[in-house]
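# below are the sequence and a predicted model; questions follow.
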Amino acid sequence: MAVPHDVVVLGGGVVGATCAWRLAEQGLHVLLVDPEPGAGASHAAAGMLAPVSEMHGSEPALLRLGLHAAGGFADHAARVQEASGLGVGYRPTGTLLVALDAGDRARLADVRRRQEQWGLQVERLSAAQCRQREPLLDPAVVAGTLVPGDHQVDPRRLVTAVLRAARERGVEFRRTTGEPAVTAGRVTGVRTPQGEVAAGRVVLATGARATAHAPVRPVKGQVLRLRGNGSPVPHHVVRGTVRDRAVYVVPREDGEVVVGATTEDLGYDTTVTAGAVRDLLQDACALVPALAELELAEAVARSRPGSPDNLPLIGAGDVEGLVLAVGHGRNGVLLSAVTAQAVTALVTGQDVPPPVAACAPGRFEELVRWRG
Ligand SMILES: Cc1cc2nc3c(=O)[nH]c(=O)nc-3n(C[C@H](O)[C@H](O)[C@H](O)COP(=O)(O)OP(=O)(O)OC[C@H]3O[C@@H](n4cnc5c(N)ncnc54)[C@H](O)[C@@H]3O)c2cc1C
């Protein structure tokens, strides 16, 4: 007779896969249900671990959470690597925010003042210092900010490695869709097209598809992958604003360069548009002209799981036994390890670390409604 599962994790993106692995490490019998693990937003993500570059000054809880996550990410990457035997492309090379005109320079200086008030590590760079660090920058760059603590990881390699670590820890996989099954206000397992699977706990980690169960909305992002084939590429993550559009360039250790990303408040949509490809290439080449020589290897669109206040929802759902791990927006790769740690704590009856406690879904009490 099959042994019943302690926990079913719905969704095998970077968040659900990491939750499944960490739960199995606690000795729990875990089933991960996903028709195509790793193929959601995690497949498109650039992998910037960038709480400081992403800081807008008005979201202190998100900043605290991001810093907490970034502080532990190198250890997490090393653990995943050790558990899976696979590299994850973690690169602590820092991020360079550049300004292309006087208005940009003033904006960067304003943000830097707020970053310094928060005690964040940032360094003002002149145009010459920017080019010294990154010789491929366009000569039009007039100033910059170096954020040495904002690193990056390759999300595709990370998810592949976490899925393997999970499998080696005994996580079972089922390639299908599922929905939490609820009887008398309590989760009893998940319903799949092939039948019901019993479990005392269900972790909902279906990303932008969680709209029926949580206040999550899809936020479309289109992103490009360029391939160097030996051509020179930047060393740092480079970010800037071109024609009022934010653009980033993320160089991987294998010569791949990720250029992103659009932010479009559409429904769930994976269409790549000609206009987005044109804008992303134009804007990225305005920062680093040499990118024009690279091969355009891939263009992809996925939906980020946005939440109303940009903080994820991590914690008890409004049905007993349901744990939410959704709504990670632009930061799901960065926040994957701290989310899994918190979900594991919740399932095993431990305390959730303070920066993650701010993500309790109860803050949307009137919004989180079970409609199953
Ligand atoms: C263009 C772009 C760039 C980004 N860049 C960054 C970045 O630089 N840094 C960063 O930290 N974050 C970034 N993000 C955000 C990040 O990708 C997301 O926050 C993160 O992937 C969310 O992970 P997830 O596991 O919750 O969702 P997903 O990765 O979307 O995974 C959800 C999974 O659930 C599965 N699923 C859906 N419905 C069901 C169902 N009913 N049953 C079973 N399974 C189901 C799907 O198949 C999928 O595999 C970016 C996102 C985009 C789109």
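That came through, no problem. Since we're looking at a predicted model, the values are computed, not measured.
# stretch 208-218 and the ligand in contact?
Yes - with Cβ under 6 Å from any ligand atom as the criterion, the ligand is reached by stretch 208-218 at Ala208, Arg209. (C-beta placed from N, C-alpha, C; glycine too.)
# and that stretch, which residues are buried?
Within stretch 208-218, the residues that qualify as buried are Ala208, Arg209, Ala210, Thr211, His213, Ala214, Pro215, Val216, Arg217, Pro218, counting by 16 or more other Cβ atoms under 10 Å.
# contact residues of the stretch 201-350 of the chain facing the ligand?
205-209, 221, 223, 260-261, 302, 304-305, 328-334.
# out of the residues you listed, which are inside strands?
The members of these that map onto strands under DSSP state E are Gly221, Val223, Gly260, Arg302, Arg304, Pro305.
# from the residues you listed, which is closest to the ligand?
When these are ranked by distance to the ligand (Cβ to the nearest ligand atom), Gly221 comes first, at 2.9 Å.
# and the gap between that closest one and Gln117?
Using Cβ to Cβ, to the nearest Å, Gly221 is found at 30 Å from Gln117.
# between these two, tell me which one has more neighbours.
Counted by other Cβ atoms under 10 Å, Gly221 and Gln117 do not tie: Gly221 has more neighbours, with 21 against 9.
# skipping its backbone neighbours, what lies nearest the more buried one in space?
Ala261 (4.3 Å; Cβ to Cβ, 6 or more residues apart in numbering).
# which residues are in contact with the one you found?
Ala44, Ala46, Gly221, Gln222, Val223, Tyr248, Leu280 (Cβ atoms under 8 Å, 6 or more residues apart in numbering).
# any chance of these in JSON lines, with pLDDT too?
JSON lines is the format used below for the contacts of Ala261 (pLDDT from 0 to 100):
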{"residue": "Ala44", "pLDDT": "98"}
{"residue": "Ala46", "pLDDT": "98"}
{"residue": "Gly221", "pLDDT": "98"}
{"residue": "Gln222", "pLDDT": "98"}
{"residue": "Val223", "pLDDT": "98"}
{"residue": "Tyr248", "pLDDT": "98"}
{"residue": "Leu280", "pLDDT": "98"}
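# one step back: nearest to Arg124 among the ones in strands among the residues of the stretch 201-350 of the chain next to the ligand?
When those are ranked by distance to Arg124 (Cβ to Cβ), Gly260 comes first, at 25.5 Å.
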